[in-house]
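Novice: Task: produce atomic coordinates for the following.
(2 chains)
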Amino acid sequence: MSKYQKRPVRDAIHGFSGFCTPAIFADLFAKPAMDKRFPQYDELDLPKVAADILAIWDAEDTFGKSLELRKDASPFVFYEGPPSANGLPGIHHVMARAIKDIFCRYQTQKGHRVDRKAGWDTHGLPIELGVEKELGITKEDIGKKISIEDYNAACKKAVMRYTHVWNDMTRRIGFWLDLEKPYVTYHTKYIESVWFLLKKLYDDQLLYKGYTIQPYSPAAGTGLSSHELNQPGTYKPVKDTSVVAMFKVNKDPASEFLFKDALGDVFILAWTTTPWTLPSNCALAVGPSLEYACVRTFNPYTHEPQTVVVAKNRLVETLRLKGSEGAVQPLEKWVIEECLHGRSNVLGPSGRQFDGIVEMNGVEAFVEVELGRIAVSTPERILSGAGDKPVILVGLRTELAALHVPWLGSSMQRIQAMAFEDFVDALPSFYGHQLEGVRYEPLLPNLPIVKTYAENNPDSFRVIGGDFVTTEDGTGVVHVSPTFGADDKRVADQHGIPGMYRTAMSAEEGSPSLKFTIEQNDFAPEREGLVIEKAILPIVDRQGRYIPEMGEFAGEYVKAEYLSAEQQAAEAKRQGRDKYLSVDERIAIKLKTEGRAFKVEKYEHNYPHCWRTDKPILYYPLDSWFVKVTAKKQELIDNNKKIKWKPESTGTGRFGNWLENLQDWNLSRSRYWGIPLPIWRSEDDSEEPKCIGSLRELKEEIARAVKAGVMKTDPYSAFNPDDLSDANYEGIDLHRPFVDDIVLVSPGGKPMKRETDLIDVWFDSGAMPYAQWHYPFSAESRERIKKTPFTDGTGRKWEQYASPSSLSGGSKISFPAHFIAEGVDQTRGWFYTLHAIATLVFDSRAYDTVVSNGLVLDKMGQKMSKRLGNAVDPFKTLDAFGADAVRWYMISNASPWDNLKFDAEGITEVQRKFFRALFNTYNFFALYANIDAFDGQGDVALTESDRWILSRLNSVTKLADASFADYEPTVAARAIQDFVVEDLSNWYVRLNRRRFWKGGMGADKNAAFRTLHHCLEVVSMLSAPISPFFSDRLYRDLSGGSVHLTKWPTHDEAAIDVELERSTAYAQRITSLVLGIRKKEKIKVRQPLQRLIIPVRLGELYHQRLLMVRELILSEVNVKSLEFVDETKSGFTKRIKPDFKKLGARLGKQMKAVANAVGQLEQPEIAMLESSGKLNLRVDGGEVDLLLEDVEITTENVPGLSVASDGPYTVALDITLSGPLLQEGIARELVSRIQTLRKESGFAVTDRIDLHIQRNGDVAFEQAVSAHAAHILAETLSITPLDQLLVTDLPQTGSTVHGVALDERSACVLSLSRSSN
RNA sequence: AGUCCUGUAGCUCAGUUGGUUAGAGCGCUACACUGAUAAUGUAGAGGUCCGCAGUUCAAAUCUGCGCAGGACUACCA
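Specialist: Coordinates of the predicted model:
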């Protein structure tokens, strides 16, 4: 039996209230008088404190006690986000876990029951990749080199590998968490709960099968996750053929306006870097609010006159041809006509034939019309050999031409370029939304697949609006291929434009993962929205080749990289060319010759590559199961408004925007280690799929299947659905491949197979509020997750899931959570999945408050990574500093949501400043409390400074409480720290030291002891959430029992004396000023002075406050008297400053002038203002009456005295040293030396001594010693008779003789010895 | 590319509804203290409050445009 158990737990809880009178201590030591000494320590060893306390916690089961103690209290619900245990914890986990722990401990101290169940996230790609690396295999090997069963067994083993390391870290940082009974996402019970949720979604028609455009590697034959795409090196710069394609507009009422001044046909221009997707073009997207314009021009390849539509601010770029990066300039009308129509053959200087000569800006140039372009060159250029590649450019019909002449001089280029921009500006424009609905001809109408599509989808091939369209590059018109682009598909879906597909002819063509359609099912009309798939194929098969219906391009790989060198050579031969031309290039050529290309260029950009095959990926449609979150978008947004986000901006910004742009949740993952989709389908899709929501249901279905003969035996025969024991559940495995073997039977008697996909692991963790309790299967879970009845003011009753702070005592409710916390990177991860599942399945938020903490960076602000070698080992850090200092540092340094630049120096500082101050203060208390056998009994007489520190303590308690309640731990930590370091240690203890060591045990001394004890005790309670170990040590030493079992201290408003706190703040300011003067005047603090003078306005608040702390100031600065002088009387130099806030509000624009005038006021005018309270000022704008309250007047100087001032505070010190003052100074100096000698001699603080001082012939010295002999003896605990202090001869034996220098001039010799009595 | 966060002394951070000498700690320099003493106090040096523009009598603070660092999401014609 531990000592702890002897005392009933209840007794350990005690609160405090009322601190304004001596009576406040009435209940302070209501416990049995302390029978032990307060332990004293030689040095502060935080790691040791942590280790000791941890051992005590283990022995006592303090965590268990803290829960047991509140078993009937109202719950505070916390969810632990599951970490993945297949990696080692880093220092950022210390941060994350400390934050969680802080609020759980705080709420526990506040009297709530805080269940804290640990959890492990065990599925997911990182785990698979880790195992594959370890086994030296790839995904392709699964099912070949290694069975799925063995593979999953390896994952299961790997995933919990480091749990003990995590548990160790969790313990060592003091995070109280139930590690004994964690939830584990691979447990059968957990999976059953997840299946329950999925079934619920399925029944509510929120689960459907569809497809999305996903990264796909034809070379590897697999889809890639964004994680795989984000691996380094996947994005590589490549040069692709880009095409500005021309889409011919159909002339109809919608497009009429485009033809108004048209030259030839009208084309909409759209740019693409993937020409191979052009055959599947189904629509064009424009920005509804972007400006577009028609330009009459010529086709650069066919020379046909034509009109093109381009976004206005893409005109210059689009009309500029390759190689003409310089200016584009207009040319006179006659030039173009001359060139095109009146050709006159001219021989150039090189003998080459030109089409004409023009004069441009005084330069004679030769013109050549070639391929529809107008080329211009000067004789010099031709002779220099550069003339063969002149120039350009496109004739802008007949009024203007753009001409590029790079060699004509930079200044002209600029001017001319501007002229071209002016031309563009002047073009009449229209908005994108006017283009919407305009129809156009298919770009490649002769390809069979396009023909078929066009026949079946007459509503395609039109212009639609898309928000994603920009004018950053291209033409401001986006070629939309819903078959191959994610944005494209989304916008096409919105406009009811289907992608280009055809039904798969064979299983070979449509692999299982590429079967889909978006047809309504016709056999289950009541299940509206349910989508059943059918095998179909886009225009590219899964090897990356065009399908046969692609006419001349049939069977070709769409990317040159998919062919080997030999294949390319063979292909070139087949094409009858010297060199292999890619599909992209040949489509470009085809478009050029058909007059459907405006520009063809090589374009360099970053493109993602498959990390495994190094080949470019395709964005390709893959089928998936989706959660239809968009159906509940408004509910998601509404529920989010009920959540308190720390910081708020994450909730409204990052998370809010995410919800606004919600996409359906793609749940499918084609993997092995994860929770299988519990959906079974018949092979021919003729019947409705079955979604299984429980093991009981599965067993029943299996039984039917076995009976029907589609399955031989029940693989889960060992499982009894009525038995909720772990043993029963863990006897079976719901992972692949076991579930894959289950074949169910449809109502029509057909065999049904499971969808092979797994579900997104994010669903696992988002399901944790329910699955951790095995909801709804266990009785406990149904108690924890249920609606609470409410009655409103009108007597109406309703129920809802709620975690109001008013949850009744003993309530088991565990949903929603009051509080969760994870890294900000979980915003769209865990925070979202929790929110989505709660909203969709339970129509509730999942948590009331979420703290999203920032990153832990290294001290340079770089992200920590193993690669950079800047990762901090949490264990080494804990070893070196102890958990308390690490936690305190992390919390006090920056708000949790700001990134933390982790610097061990900072921890050292926290150790030194906060913990050592607290430790020293405690040790100081313990030292004297033990000497006096302080027991908390007896009368107390509170002094002003006791009342002050208690007032401060209550203020800090109030602030800390409010801050913790508002999830602002940093504010709390800083407030506590400032209180300890500044108020308690540096001010209260320093000022009151004497009271602790003076003899006897009066009411005053008792008050000091009790006050200090109380402050330390409350500090230990306030700081316990952040520094659980040290605070517990402190509390145990002060009062016994664990601080974590105490009740949070309530502040007493009546004990807070704001006036006193302000007064003391003044005292500190004044003191600092006086010490400054002493320093300036080189007068030691030990030398008493006679007079301190402070100018005030008599009777004003400042004066009154100073009166309150008069004694404090005097003792602190060692001055005999404090005098106040009326500063309104003349004789002082005054400084005047306008009160800008007051005057600004009243004067507005005149402010500046008045401020100037005020600054120039002379002393007599200031005096007049002070005496009459009013002054008439003449400024620019007229006259202004200046009132006394409009200005701040401060005294700057007091004649004849040594003065210091700081802002409005001014003090004057009388530094005259009279004889008695000097004597007292000497006596004090002597006392100080003797104290040092006592200490150096190794005497205990309580030792009495025998002291003698030898006469040294210095009259002043000897007089000082005689006059203050009693003082000297008392201060040094000397028992020497008064008349034997000053002696001619020192005792010969038994004592040590010391020579002492008092200052530069005087010295003496004295002897001291430990007294035997 | 979008969304969000951050930017104040060499470092880590405060800075209230905009109000005129922008603060603290650490570090540095000097001095002091010595019955908490590997502690403590005082003073000094150290600022383009990331930049530019705007609103205003008045901007570190509000607005806009940028820059830098970071996070997430997306990946594009």
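
Novice: what's near enough to touch A:Ala771?
Specialist: Residues near A:Ala771 by C-beta atoms under 8 Å, 6 or more residues apart in numbering: A:183, A:185, A:189-190, A:193-194, A:197, A:764. Yep, even glycine has a C-beta here, placed from its N, CA and C like the rest.

Novice: Mean confidence (pLDDT) on the helix or strand where A:Ser1205 lies, please.
Specialist: For A:Ser1205, the enclosing helix or strand under DSSP states H and E is strand A:1202-1206. On average, the pLDDT along strand A:1202-1206 is 75.

Novice: Pull the residues that contact it.
Specialist: A:1069, A:1072-1074, A:1076-1077, A:1080-1081, A:1194-1197, A:1210-1213, A:1215.

Novice: hmm, try it at 6 Å
Specialist: Strand A:1202-1206 has contacts (C-beta atoms under 6 Å, 6 or more residues apart in numbering) with A:1073, A:1076-1077, A:1081, A:1197, A:1211-1213, A:1215.

Novice: Give the buried subset of the residues you listed as a PyMOL selection command.
Specialist: In PyMOL, this line selects whichever of the contacts of strand A:1202-1206 come out buried by 16 or more other C-beta atoms under 10 Å:
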select buried, chain A and resi 1073+1076+1077+1197+1211+1212+1213+1215
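
Novice: Give me the lowest-pLDDT entry from the contacts of strand A:1202-1206.
Specialist: Across the contacts of strand A:1202-1206, the member with the lowest pLDDT is A:Asn1197, scoring 70.

Novice: Please name the bridge partners of the residue of the stretch 301-450 of chain A at minimum distance from RNA strand B.
Specialist: Proximity of the stretch 301-450 of chain A to RNA strand B (C-beta to the nearest atom of the strand) peaks at A:Ala311, 9.4 Å away. Beta bridges link A:Ala311 to A:Tyr292, judged by DSSP bridges.

Novice: Next, count neighbours for it.
Specialist: 24 (other C-beta atoms under 10 Å).

Novice: Please apply the same query to A:Glu1053.
Specialist: Using other C-beta under 10 Å, A:Glu1053 has 10 other residues around it.

Novice: Please determine how far it is located from A:Thr613.
Specialist: A:Glu1053 sits 71 Å away from A:Thr613, taking C-beta to C-beta, to the nearest Å as the criterion.

Novice: ok, now A:Val295?
Specialist: According to C-beta to C-beta, A:Val295 and A:Thr613 sit 44 Å apart.

Novice: Neighbour count for the two, which is higher?
Specialist: In this view A:Val295 and A:Thr613 are compared by other C-beta under 10 Å, and A:Val295 has more residues nearby, 21 against 16.

Novice: With adjacent residues omitted, what lies nearest to that one?
Specialist: Spatially, and ignoring its direct neighbours in sequence, A:Val295 is nearest to A:Val308 (5.5 Å; C-beta to C-beta, 6 or more residues apart in numbering).

Novice: Let me know whether that neighbour touches A:Leu269 as I believe.
Specialist: Yes - in this structure, A:Val308 is within contact of A:Leu269 by C-beta atoms under 6 Å, at 5.2 Å.

Novice: what about the residue nearest to A:Val295, is that helix, strand or coil?
Specialist: strand (DSSP: H, G, I helix; E, B strand; the rest coil).

Novice: what do you get for A:Arg1238?
Specialist: State at A:Arg1238, reduced to three classes by three-state DSSP: helix.

Novice: how about the nearest residue to the residue of chain A found nearest RNA strand B, chain neighbours excluded?
Specialist: Residue nearest to RNA strand B within chain A: A:Gly1144 (2.1 Å; C-beta to the nearest atom of the strand). Nearest residue to A:Gly1144, sequence neighbours excluded (C-beta to C-beta, 6+ apart): A:Met1151, at 5.2 Å.

Novice: Now do the buried residues in the helix or strand hosting the one you found.
Specialist: Assigned by DSSP H and E, A:Met1151 belongs to helix A:1151-1159. Neighbour-count burial for helix A:1151-1159, counted by 16+ other C-beta under 10 Å, picks out A:1151, A:1153-1155, A:1157-1158.

Novice: ok, now stretch A:872-891?
Specialist: A:872, A:874, A:877-878, A:880-891.

Novice: Over to stretch A:965-981?
Specialist: A:967-977, A:979-981.

Novice: Low-confidence stretches in the stretch 301-450 of chain A?
Specialist: A:303-305, A:316-317, A:319-427 (pLDDT under 70).

Novice: wait, I meant the stretch 651-800 of chain A
Specialist: Looking at the stretch 651-800 of chain A by pLDDT under 70, you get A:685.

Novice: With the stretch 951-1100 of chain A instead?
Specialist: Across the stretch 951-1100 of chain A, the ranges flagged by pLDDT under 70 are A:999.

Novice: For it, list the residues in contact with RNA strand B, please.
Specialist: By the criterion of C-beta under 7 Å from any atom of the strand, the positions of the stretch 951-1100 of chain A lying close to RNA strand B are A:970, A:985-986, A:989-990, A:993, A:997, A:1072, A:1075-1076, A:1079, A:1084-1086.

Novice: Just the buried residues of those.
Specialist: A:970, A:985, A:989, A:1076.

Novice: From A:Ala871, how far off is the closest residue to A:Asp240 other than its chain neighbours?
Specialist: Nearest non-adjacent residue to A:Asp240, counting by C-beta to C-beta, 6+ apart: A:Thr273, 4.9 Å away. Per C-beta to C-beta, A:Thr273 is found 39 Å from A:Ala871.

Novice: can you check A:Phe257 too?
Specialist: Computed as C-beta to C-beta, the A:Phe257 to A:Ala871 distance reads 63 Å.

Novice: longest strand anywhere in chain A?
Specialist: Longest strand in chain A, counting residues (DSSP state E): strand A:235-248.

Novice: which outside residues touch it?
Specialist: The contact list for strand A:235-248, computed with C-beta under 6 Å, 6+ apart, reads A:265, A:267-273, A:275, A:440-441, A:443, A:584-585, A:588, A:596-604, A:606-609.

Novice: Could you list which of these also contact RNA strand B?
Specialist: Applying C-beta under 7 Å from any atom of the strand to these, those adjacent to RNA strand B are A:270-273, A:607-608.

Novice: Let me see the ranges of the strands in the stretch 51-200 of chain A.
Specialist: A:117-120, A:178-184 (DSSP state E, counting those that start in this stretch).

Novice: And the buried ones among the residues of the stretch 951-1100 of chain A next to RNA strand B, which is closest to A:Thr1280?
Specialist: Nearest to A:Thr1280, judged by C-beta to C-beta, of these is A:Val989 at 30.0 Å.

Novice: show me the contacts for that closest one.
Specialist: A:Thr921.

Novice: for it, helix, strand, or coil?
Specialist: helix.

Novice: Could you measure from it over to A:Val981?
Specialist: The gap separating A:Val989 from A:Val981 is 11 Å, by C-beta to C-beta.

Novice: and what of A:Ala588?
Specialist: Taking C-beta to C-beta, one finds A:Ala588 at 73 Å from A:Val981.

Novice: Throw the contacts of A:Ala771 into CSV and include neighbour count and distance to A:Ser481, thanks.
Specialist: Shown next, in CSV, are those (neighbours: other C-beta atoms under 10 Å; distance: C-beta to C-beta, whole Å):
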residue, neighbour count, distance to A:Ser481
A:Tyr183, 21, 45
A:Thr185, 26, 39
A:Lys189, 24, 46
A:Tyr190, 26, 42
A:Ser193, 27, 41
A:Val194, 25, 36
A:Leu197, 21, 36
A:Asp764, 25, 35
